[in-house]
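Participant: Got a predicted structure here, sequence first:
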Amino acid sequence: MVKHRPITDTQKVSALYTKKDNTPIKYVCTTSIQPRGVPMDVFYRDTPHPEFGNKYFGICQNSLGVYMIGGADKVEDLTFDCIEGPEGWEYSSHVHDFKYVGDSFIDGGREYTRMGGNCIPPVKTFRVKDGEFASDFS
């Protein structure tokens, strides 16, 4: 199980876009898609959007606090190094997202992975495929 820390109310966003687009929409993860980019909540639909052609979209806040939406299909090209904590596997969402996980920490988002603490925790790399986190990929 991977623990996420979304920035929006993902249930409300999923419900809104499921109704608007007439297709199921589900939350996938929170990450920055671009290097040094802002974190966004990434959502998935099984079929490409009829106008834009993407299956993933992300919602983020700009520096003024305004919510913005954009394509996020690149999420399937990224890897998520996770450390095991008391509540499951956890990852750093973006480059300066330093997180304590039990007696350990993780930092770096998709830019780099830095971890440490009182002990080095188990580490596993995940990818996103078809809207799901997977640790066994080729």
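Facilitator: That came through, no problem.

Participant: for the helix or strand where residue 30 lies, the distance to its chain's centre please.
Facilitator: Assigned by DSSP states H and E, residue 30 falls within strand 25-31. Distance, stretch centre to chain centre, for strand 25-31: 6 Å (C-alpha atoms, centre = their mean, to the nearest Å).

Participant: relative to strand 25-31, how tilted is the following helix or strand past that strand?
Facilitator: Using DSSP H and E, the helix or strand that follows strand 25-31 in sequence is strand 40-45. Interaxial angle of strand 40-45 relative to strand 25-31 (axes from the mean of the first three to the mean of the last three C-alpha atoms, to 10 degrees): 150 degrees.

Participant: Name every strand pairing with strand 40-45 and say which way it goes.
Facilitator: When pairs are called by DSSP bridges, strand 40-45 turns out to pair with strand 25-31 (antiparallel), strand 56-61 (antiparallel).

Participant: Out of those strands, which gets nearest to residue 101?
Facilitator: Closest approach to residue 101 among the strands paired with strand 40-45 (C-beta to C-beta): strand 25-31, 15.3 Å. No exception for glycine: its C-beta is placed from N, CA and C like everyone else's.

Participant: So what touches the closest one?
Facilitator: Strand 25-31 is contacted from outside by 2, 4-7, 10-11, 13-14, 17-18, 39-45, 56, 75, 78, 80, 91, 93-94, 109-110, 128, 131-133, using C-beta atoms under 8 Å, 6 or more residues apart in numbering.

Participant: Buried among those residues? Need that as a selection in PyMOL.
Facilitator: Only the buried entries of those go into this PyMOL selection, using 16 or more other C-beta atoms under 10 Å:
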select buried, resi 4+6+10+13+14+17+39+40+41+42+43+44+45+56+75+78+80+91+93+94+109+110+128+131+133
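
Participant: Helices - which of the contacts of strand 25-31 land there?
Facilitator: Under the assignment DSSP state H, the contacts of strand 25-31 contribute 10-11, 13-14, 17-18 to helices.

Participant: And these, which is closest to residue 101?
Facilitator: Of all the ones in helices among the contacts of strand 25-31, residue 10 has the smallest distance to residue 101: 20.6 Å, by C-beta to C-beta.

Participant: what residue of the protein is the furthest out?
Facilitator: In terms of distance from the mean C-alpha position of the chain, residue 118 ranks first, at 26.4 Å (C-alpha atoms, centre = their mean).
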